[in-house]
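Asks: Provided below for reference: sequence and predicted model.
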Amino acid sequence: MKKCRTILIVLCMTLLAGQLFAGGFALTGVDSRSTSMAGAFRGLADDPSAMYWNPAGLGFMNENSISLGGTFIMPTVKWDPSGTALVNNPGYSAQEYEANKKLTAFPSVFGTMAKSPRLKYGLAFYVPYGLGTTWDAYKLPGTPMVYVDGFPEDEMMSSIAVLDFHPTVAYRVMPNFSVGAGLSVMYGMIDIDQIKFPDNPYVPLTSELSGTGIGFGGNLGVLYKATERLSIGLAGKLPAEIPLEGDASVYLWTPAQADTLGNVTPAMKLGGKSDIEATLNIPAELGIGLAYKISPVWTLSLDYAYTMWENLETVKIEMDDPITIMPGMEVSESELVLNWENSSRISLGTEYKLGCNKIRAGFFFEQTPIPEATQIPTISDVGNKYSTNLGWGRQIGNFGVNANMQYIMFDEREITDSGQTADNVAGSYNSQSLSGNIGLSYKF
């Protein structure tokens, strides 16, 4: 009994903490033009989206402007537990499951005040982290099992969004050298639902967590125009924390049971709710970029970025009031080890002016920060990413329009029963993402 109690408490905390973060929720970039060049933009940084990629780029701008944009993403995530011990659970079957499809939109706004000879200002709003997955894979066992009404319809769900209000300033130190810095005022939102089976496949344990909070971060950058054709940019994002407050619930669902004497124990929903406090860690990032004008109408750019996800190694969640599952079994707080890994991204982009139009393309490769030991269905980042981008832009007087299409393919990941841990779920994982971006701008 003591062993069962320990397992139950650990799994309860795994439900609440293990889902708090996901590398798959870090968006691939903001703004249509820079995204169509696969984010190979730190060495170019010559439009308002420089506030995200390299704030020093603002120092070389000479016009006031405002830009509006939107990114639309449709991810596809599949999980197949066939061949794992999980298919012995009566709530699952040997088949490939697909997460609920949903088109998600993320807005962005950029404004610049750049007519001063050296000192430039900007203000931006964008969403650097977002997305989520929702699953309705588990089905409660039927006859003769009887459960209390109200079991969650979508038993596995994750949703995260970070909104960034980003004032920026840049100063052109010399005609060919600029420095810049931005402040991130971030509003974070998290919703997590999960299911586990601590001791019995007929007794599921569900959890729901929701939290919001405000935190602060920033980015820094330098941009050096070495020649008329070559520019070099170096930019970094500072690590940040977003303190979260919200609530969590944990419930154990036991079916009605009869003993050998015919006495029936009624179906029960055991557990409760509590207010919680937690912290969402935002990783630091360092990137370097080169941009080279092959000709007056053709630009080639190359970027390398290193993201320090290792600050997600541990997560601590504190409950204002312990949740009692049953006498002697309660959940109060825990520190969970996630063992996330730092990752690299290499991007290659190009822009070619064809008459009044600009044609853009880009490709990037990015390592996944998620180890197999913590891979679960609600994390859409299932493996290394390969992104292909194609974009178009046109300037009509002071007005500009840009559009981009992006396709991301992930390496397949397979976790066997021998590779299963308390923090992951066995099975085969596949994912891909199709997204579009459109932007409008006006210079004045």
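Replies: Structure received.

Asks: the closest residue to residue 45 other than its chain neighbours: what secondary structure?
Replies: Leaving aside its chain neighbours, residue 45 sits nearest to residue 57 (2.6 Å; criterion: CB to CB, 6 or more residues apart in numbering). In this view, the C-beta of every residue, glycine as well, is placed from N, C-alpha and C. Using DSSP: H, G, I helix; E, B strand; the rest coil, the structure places residue 57 in helix.

Asks: mind checking the SS state of residue 152?
Replies: For residue 152, the assignment made with three-state DSSP gives coil.

Asks: hang on, the earlier thing: burial count for the residue nearest to residue 45?
Replies: By other CB atoms under 10 Å, 31 other residues sit near residue 57.

Asks: how close does the closest residue to residue 35 other than its chain neighbours sit to residue 38?
Replies: Closest residue to residue 35 apart from its sequence neighbours, by CB to CB, 6+ apart: residue 29 at 4.4 Å. Distance, residue 29 to residue 38, using CB to CB, to the nearest Å: 8 Å.

Asks: again, but for residue 213
Replies: Relative to residue 38, and taking CB to CB, residue 213 is found at 32 Å.

Asks: can you spell out which helices and strands pack onto the helix or strand harbouring residue 33?
Replies: According to DSSP states H and E, residue 33 maps onto helix 32-36. Using 3 or more CB pairs under 8 Å, 6 or more residues apart in numbering; DSSP states H and E, the elements in contact with helix 32-36 are strand 357-366, strand 385-396, strand 399-410, strand 427-443.

Asks: ok, 10 Å please
Replies: helix 50-53, strand 65-80, strand 343-354, strand 357-366, strand 385-396, strand 399-410, strand 427-443 (3 or more CB pairs under 10 Å, 6 or more residues apart in numbering; DSSP states H and E).

Asks: between those, which gets nearest to residue 107?
Replies: strand 65-80 (5.3 Å; CB to CB).

Asks: parallel or antiparallel, list what pairs with the closest one.
Replies: strand 97-98 (antiparallel), strand 104-113 (antiparallel), strand 427-443 (antiparallel) (DSSP bridges).

Asks: can I get those in CSV including distance to residue 127 and mean pLDDT?
Replies: As requested, the strands paired with strand 65-80 are arranged in CSV below (distance: least, CB to CB, whole Å; pLDDT from 0 to 100):
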stretch, distance to residue 127, mean pLDDT
strand 97-98, 25, 94
strand 104-113, 4, 94
strand 427-443, 12, 94
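
Asks: can you tell me which of these is most buried?
Replies: strand 427-443 (a mean of 20; mean count of other CB atoms under 10 Å).

Asks: how far off centre is that strand?
Replies: 13 Å (CA atoms, centre = their mean, to the nearest Å).

Asks: shaky segments in the stretch 1-150 of the chain?
Replies: Applying pLDDT under 70 to the stretch 1-150 of the chain flags the ranges 1-25.

Asks: skipping adjacent residues, who's closest to residue 398 in space?
Replies: Residue 398 sits nearest to residue 443 (CB to CB, 6+ apart), 4.8 Å away.

Asks: distance of the one you found from residue 111?
Replies: If you go by CB to CB, the gap between residue 443 and residue 111 works out to 11 Å.

Asks: one more: residue 363?
Replies: Separation of residue 363 from residue 111 (CB to CB): 30 Å.

Asks: then residue 155?
Replies: 43 Å.

Asks: one more: residue 316?
Replies: From residue 316 to residue 111 the distance is 38 Å (CB to CB).

Asks: how much space between residue 103 and residue 291?
Replies: Distance from residue 103 to residue 291, by CB to CB: 33 Å.

Asks: more neighbours: which of the two?
Replies: residue 291 (26 against 11).

Asks: partner residues bridging the more buried one?
Replies: Beta bridges link residue 291 to residue 231, residue 301, judged by DSSP bridges.

Asks: tell me which of the helices and strands packed on helix 32-36 lies nearest to residue 97.
Replies: The minimum distance between residue 97 and these falls on strand 65-80, with 5.2 Å, by CB to CB.

Asks: what angle do the closest one and strand 399-410 make?
Replies: Orientation check (axes from the mean of the first three to the mean of the last three CA atoms, to 10 degrees): strand 65-80 against strand 399-410 gives 20 degrees.
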